[in-house]
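Asker: Here is a sequence together with a model predicted from it:
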Amino acid sequence: MKYFEILKKDQKSKARLGVIHTAHGDVHTPYFNPIGTKGTVKSVTSEELKFWGAEMILANTYHLWQRPGDALIYKAGGLHAFMNWKQAIFTDSGGYQVFSLAKMRQVMEVGVLFRFDMDGRAEILSPEKSIQIQSNLGSDVALILDDFPGYPFEYERTKQAIEQTTRWAERAVSEYLKIMTAGDPINPGQKLWGIVQGASFPDLREQSAKEIRALDFPGYAIGGVAVGEPTEDMLKAVDMAIPHLEEDKPKHLLGVGTPYDIVQAVARGCDSFDCVIPTREARHGRLYISARDSSGKDSYKTIDIRKAEFAEDFTPVDNECDCYGCLNHTRGYIRHLFAAQEALSIRLATMHNIKYYLNLMKKVRTAIENDYFDDFLAGFKDLTERDSEGNASSPSENAL
RNA sequence: GGGCGGUUACCGAAGUAGUCAAACGGAGCUGACUGUAAAUCAGCUGCCUCUACGGCUUCGAAGGUGCAAAUCCUUCACCGCCCA
């Protein structure tokens, strides 16, 4: 059985319906990975995630390395056993922290020296070390350690980053093969994916894609996007990378994104996604809900449930949602929970947003399967009401 | 009837002559958040002005003293406690 099967290709876009056969079950694409950085999708249980239909989650090498340590997780039987999540796990390599912790690290040829360390020590995360950690975690999809600059993009810095990434990728592959053949990996079915960098520069995206492709990875991630650049630039970067990668391999778009971003990226050939938006914004009171424009097309908008306008709103957060909160509670109640700083506020909000994202991906898959993805794509947008300056304001009622 | 205490911005509460449009909380309003240093962060909350170290109007009411008052004095109003 092929690792990645393409079940159907959309005729009017590059979208495809597929299945990734991981060592911990199938992942039906296009798919969105809820993020569980530290071995937990914040505030929800593994059982709940499974119940909602999640097939893969993303965890983080850097954070788990720092605490509780990959050695401990290895002893626990790997991350799947440790957190009792039996479906697939996708691990970021720690590459994102090269970006997000830019002020406390130093990129060197050997690896990345992090001074932001929970024990107060400075340690080097090398491409080999990242693979060793991910092997100990036993994730199903591991990523190579990569380097990428923030926004605004600078050509020379970006070129250095992709070349650094390629050199690290070669070392990561060697380490991965060494562990798979001579080591004692907790997950012998773990796959290592490459990462394409190159910011918004066509020639660099092409160069990176070709260099990474040469290493024969079973799947690819497109990285270095959604770091502050306009959405159009992010999508252009995807367009620059996709054509240089084998069509029959899965492509993951790292760190993306909003519902709009995701649907647009699916149309450009991306198969899977991950993003902190649904979980983090949930904790901050921003909820994603269904909305329809005047023509009745399927779209969405966001509301800030903490606002006073929802105090006496006794309707569900989203009439079209089947999450626990939408079936059992009202906007007014959830707003009250936020105001009272009750833990349940975070849980209900997180559950809702994850369900919104998972339901969205299901809609996308169904649309591709039934040949109306182009129509769905054309109509799908963020309908959050905005004033003349483009600032969001919260709508008070569900659009029908 | 008498004594004492109090009345500050949406609410609570500092401030007792100049550096006060007035600390701090709460509440509210805006915004941000994209491979999670994030149940977080930033700004605003008297009026005007795009902004201001800018102008204007405020600290129960009215009237005084004073170069200057939320801060001192007088009277009044209301609230609380105590004495008759």
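Answerer: Looks like it arrived, so ask away.
Asker: mind checking how far residue A:251 is from residue A:58?
Answerer: Separation of residue A:251 from residue A:58 (C-beta to C-beta, to the nearest Å) stands at 15 Å. (Each C-beta comes from the backbone N, C-alpha and C, glycine too.)
Asker: Let me fix that, I meant to ask about residue A:235.
Answerer: 21 Å.
Asker: Which element is encountered next along the chain beyond the host helix or strand of residue A:210?
Answerer: Element membership for residue A:210, per DSSP states H and E: helix A:202-213. Remark: after helix A:202-213, the chain's next helix or strand is strand A:220-222, criterion DSSP H and E.
Asker: list the helices and strands that following strand packs on?
Answerer: strand A:191-196, helix A:202-213, helix A:231-241, strand A:251-253 (3 or more C-beta pairs under 8 Å, 6 or more residues apart in numbering; DSSP states H and E).
Asker: who's in contact with it?
Answerer: The contact list for strand A:220-222 (C-beta atoms under 8 Å, 6 or more residues apart in numbering) reads A:143, A:193-196, A:209, A:212-213, A:237-238, A:241-242, A:245, A:249-254, A:270.
Asker: in its sheet, what does that strand sit against?
Answerer: strand A:191-196 (parallel), strand A:251-253 (parallel) (DSSP bridges).
Asker: Establish whether the last one and RNA strand B are in contact.
Answerer: What that stands for is strand A:251-253. No - contact of strand A:251-253 with RNA strand B (C-beta under 7 Å from any atom of the strand) is absent, the minimum separation being 8.7 Å.
Asker: So what touches that strand?
Answerer: With contact meaning C-beta under 8 Å, 6+ apart, strand A:251-253 is reached by A:90, A:141, A:193, A:219-222, A:225, A:238, A:242, A:245, A:262, A:265, A:269-274.
Asker: So which residues of the stretch 51-200 of chain A form helices?
Answerer: Shown for the stretch 51-200 of chain A, the helices assigned by DSSP state H, counting those that start in this stretch span residues A:61-66, A:70-75, A:79-83, A:95-100, A:127-137, A:155-182.
Asker: now for those, which one comes closest to RNA strand B?
Answerer: helix A:95-100 (3.1 Å; C-beta to the nearest atom of the strand).
Asker: For the closest one, which helices and strands make contact with it?
Answerer: Using 3+ C-beta pairs under 8 Å, 6+ apart: helix A:95-100 touches strand A:105-107, strand A:112-114.
Asker: residue contacts, residue A:127?
Answerer: Contacts of residue A:127 (C-beta under 8 Å, 6+ apart): A:111, A:144, A:145, A:168, A:169, A:171, A:172, A:175.
Asker: Quick check: the gap between the residue nearest to it when sequence neighbours are not counted and residue A:179.
Answerer: Nearest non-adjacent residue to residue A:127, counting by C-beta to C-beta, 6 or more residues apart in numbering: residue A:168, 3.9 Å away. As judged by C-beta to C-beta, residue A:168 and residue A:179 stand 16 Å apart.
Asker: which of the two has more neighbours?
Answerer: Neighbour tally, residue A:168 and residue A:179, criterion other C-beta atoms under 10 Å: the higher count belongs to residue A:168, 26 against 20.
Asker: Would you mind listing what in the stretch 151-300 of chain A touches RNA strand B?
Answerer: When proximity is defined as C-beta under 7 Å from any atom of the strand, the stretch 151-300 of chain A approaches RNA strand B at A:195, A:221, A:223-227, A:231, A:254-258, A:261, A:274-277, A:279-281, A:283-286.
Asker: Comparing residue A:235 and residue A:58, which residue is more hemmed in?
Answerer: When residue A:235 and residue A:58 are compared for neighbours, residue A:58 comes out ahead with 27 against 22, by other C-beta under 10 Å.
Asker: Now for that one: which residues touch it?
Answerer: Residues near residue A:58 by C-beta under 8 Å, 6+ apart: A:33, A:34, A:35, A:36, A:37, A:89, A:90, A:91, A:92, A:274.
Asker: tell me the SS of the nearest residue to the second one once chain neighbours are set aside?
Answerer: It stands for residue A:34. The spatially closest residue to residue A:34, leaving aside those adjacent along the chain, is residue A:41, at 4.7 Å (C-beta to C-beta, 6+ apart). Recorded secondary structure, residue A:41: coil (DSSP: H, G, I helix; E, B strand; the rest coil).
Asker: Can you tell me how far residue A:41 is from residue A:293?
Answerer: Applying C-beta to C-beta, the value for residue A:41 to residue A:293 is 31 Å.
Asker: Out of those two, name the residue with the larger neighbour count.
Answerer: Using other C-beta under 10 Å as the criterion, residue A:41 and residue A:293 rank with residue A:41 on top: 26 against 13.
Asker: Can you point out the buried residues in stretch A:56-70?
Answerer: Neighbour-count burial for stretch A:56-70 flags A:56, A:57, A:58, A:59, A:60, A:61, A:62, A:63, A:64, A:65, A:66, A:70 (criterion: 16 or more other C-beta atoms under 10 Å).
Asker: and if you look at stretch A:17-26?
Answerer: Those would be A:17, A:18, A:19, A:20, A:22, A:23, A:24, for stretch A:17-26 by 16+ other C-beta under 10 Å.
Asker: Number of residues surrounding residue A:145?
Answerer: Neighbours of residue A:145 using other C-beta under 10 Å come to 30.
Asker: My guess is it contacts residue A:94. True?
Answerer: Yes - counting by C-beta atoms under 8 Å, residue A:145 does reach residue A:94; the two are 6.1 Å apart.
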